[in-house]
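S.K.: Attaching a predicted model along with its sequence, questions to come.
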Amino acid sequence: MSISGQNLTIVILTFKSEKVIDSCIESINQNIPIIVVENSKNKKFKDYLESKYKNIKCILSNSNLGFGAGNNIGIKASKTDYVLILNPDSTLEPNTLEELFLASKQVKDFSILSPICSDVNFPNYGMLKDRSFVNKNNTPFKVDYVDGYAIILNKKNFKDDFYYDEKMFLHLDSMDLCLRINRDGGSIFVIPKSKINHGGGKSVDPKYHEEIELSRNWHWIWSKFYYNKKNYSFLKAMTECFPSFLSAILKFFIYSLIMNSFKRKIYFNRVSGFYNAFIGKSSWYRPKIDN
């Protein structure tokens with residue numbers, strides 16, 4: 001079965017995304033159902049979206065669950081065979097969806113279809129072995145992984161509704177998903193005629209920049225350790241993360257000496273994230289923002 005506007009739902013995960021959400025939604029065909037999962041208990045935001053846009057249902061998670069768990073809520077709430085996961089700082093071009101629909105008729109069996117980033121300097125896909133791969137034509141091509149800010153999931157190819165690993169709050173969640181797809185014999189395709197515009201880390205209101213950066217740094221090293229330990233081995237996790245841990249300790253002391261409190265907090269969070277992953281604690285850290 002190919003994708004169309006009748007069997008597709010768009011899921012947008014938001015958190016303090018008021019400044020970008022309208023641009024994202026207004027780039028989408030208003031006949032396609034959208035589920036916005038707001039990672040808070042912000043009823044004012046829910047009421048605003050549902051009153052302004054007739055094709056939107058907004059679900060409040062009531063707490064900041066993270067990327068994977070939040071998107072899982074939207075995926076499971078959807079009633080269609082296909083779901084487009086879309087970050088709120090992304091916008092579609094006029095033919096983005098049409099090109100994905102056309103490509104789904106050519107690529108008969110897939111777990112993920114992805115548009116391609118409109119900025120060629122920031123490719124949203126990669127190969128684990130052939131890192132020198134260059135796409136030389138406009139036909140769909142198979143990849144090992146894609147970034148998660150704009151991907152279509154074929155729900156039928158996921159066993160027991162197991163999508164994102166909810167133990168991962170942030171970072172490498174899409175890489176983990178793609179690795180599982182490959183190991184299960186699935187396939188991931190990029191559609192070069194379908195373009196996506198991505199703001200790159202602009203989903204959250206800039207006034208929360210410092211808290212978001214502290215959270216990203218904590219989860220970056222936690223998720224890197226967890227991902228490698230889960231999918232490969234404890235030794236692989238140590239090899240990949242221990243040098244960053246040592247570097248973070250050194251930089252923590254340097255920035256303490258020169259009294260740069262923000263940088264000091266960043267590297268403290270990296271040390272803390274590594275330590276918590278090393279001892280097997282959950283990804284508990286949350287940005288200190290009211291939700």
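M.R.: Nice, thanks for sending it over.

S.K.: Let me know the secondary structure of L113.
M.R.: strand (DSSP: H, G, I helix; E, B strand; the rest coil).

S.K.: in the sheet, who's paired with it?
M.R.: With DSSP bridges applied, L113 shows beta-bridge pairing to I152, F189.

S.K.: wait, it sits on F189?
M.R.: Yes. If you go by C-beta atoms under 8 Å, L113 and F189 touch, sitting 5.4 Å apart. For every residue, glycine as well, the C-beta is placed using N, CA and C.

S.K.: residues shared between the contacts of the two?
M.R.: Common neighbours of L113 and F189, using C-beta atoms under 8 Å, 6 or more residues apart in numbering, are A103, V107, P140.

S.K.: Quickly note the distance from the last one to K108.
M.R.: Think P140. Distance, P140 to K108, by C-beta to C-beta, to the nearest Å: 11 Å.

S.K.: Have a look at these two and say which one is more surrounded.
M.R.: Neighbours were tallied for P140 and for K108 using other C-beta atoms under 10 Å; the higher tally belongs to P140 (22 against 9).

S.K.: The more buried one is in contact with K105, isn't it?
M.R.: No. With contact defined as C-beta under 8 Å, P140 does not reach K105; the gap is 10.5 Å.

S.K.: so what's S174 up against?
M.R.: The contact partners of S174, by C-beta under 8 Å, 6+ apart, come to Y145, V146, D147, G148, I151, Y164.

S.K.: Surely it is within a strand?
M.R.: No. The assignment for S174 is helix, going by three-state DSSP, so no strand is present there.

S.K.: Confirm G74 sits in a helix?
M.R.: Yes. Note on G74: a helix contains this position according to three-state DSSP.

S.K.: Tell me how far it lies from W220.
M.R.: Counting by C-beta to C-beta - G74 and W220 are separated by 24 Å.

S.K.: can you check K44 too?
M.R.: Using C-beta to C-beta, one obtains 31 Å as the distance from K44 to W220.

S.K.: These two - which one has more neighbours?
M.R.: Between K44 and W220, counted using other C-beta under 10 Å, the more crowded position is W220 (19 against 8).

S.K.: right, and the more buried one touches Y267 too?
M.R.: No. W220 is beyond contact range of Y267, at 11.7 Å (criterion: C-beta under 8 Å).

S.K.: Kindly tell me how buried F67 is, as a neighbour count.
M.R.: F67, neighbours per other C-beta under 10 Å, totals 25.

S.K.: for G66, that is, sorry about that
M.R.: A count of neighbours around G66, defined by other C-beta under 10 Å, yields 26.

S.K.: try K288
M.R.: Neighbour count of K288, defined by other C-beta under 10 Å: 10.

S.K.: ok, the closest residue to it other than its chain neighbours - contacts?
M.R.: Among residues not flanking K288 along the chain, E211 sits closest, at 5.5 Å (C-beta to C-beta, 6 or more residues apart in numbering). Residues near E211 by C-beta under 8 Å, 6+ apart: P287, K288, I289.

S.K.: can you put these in CSV and add pLDDT, distance to A69 and secondary structure?
M.R.: What follows is the contacts of E211, written out as CSV (pLDDT from 0 to 100; distance: C-beta to C-beta, whole Å; DSSP: H, G, I helix; E, B strand; the rest coil):
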residue, pLDDT, distance to A69, secondary structure
P287, 93, 15, coil
K288, 90, 19, coil
I289, 86, 17, coil
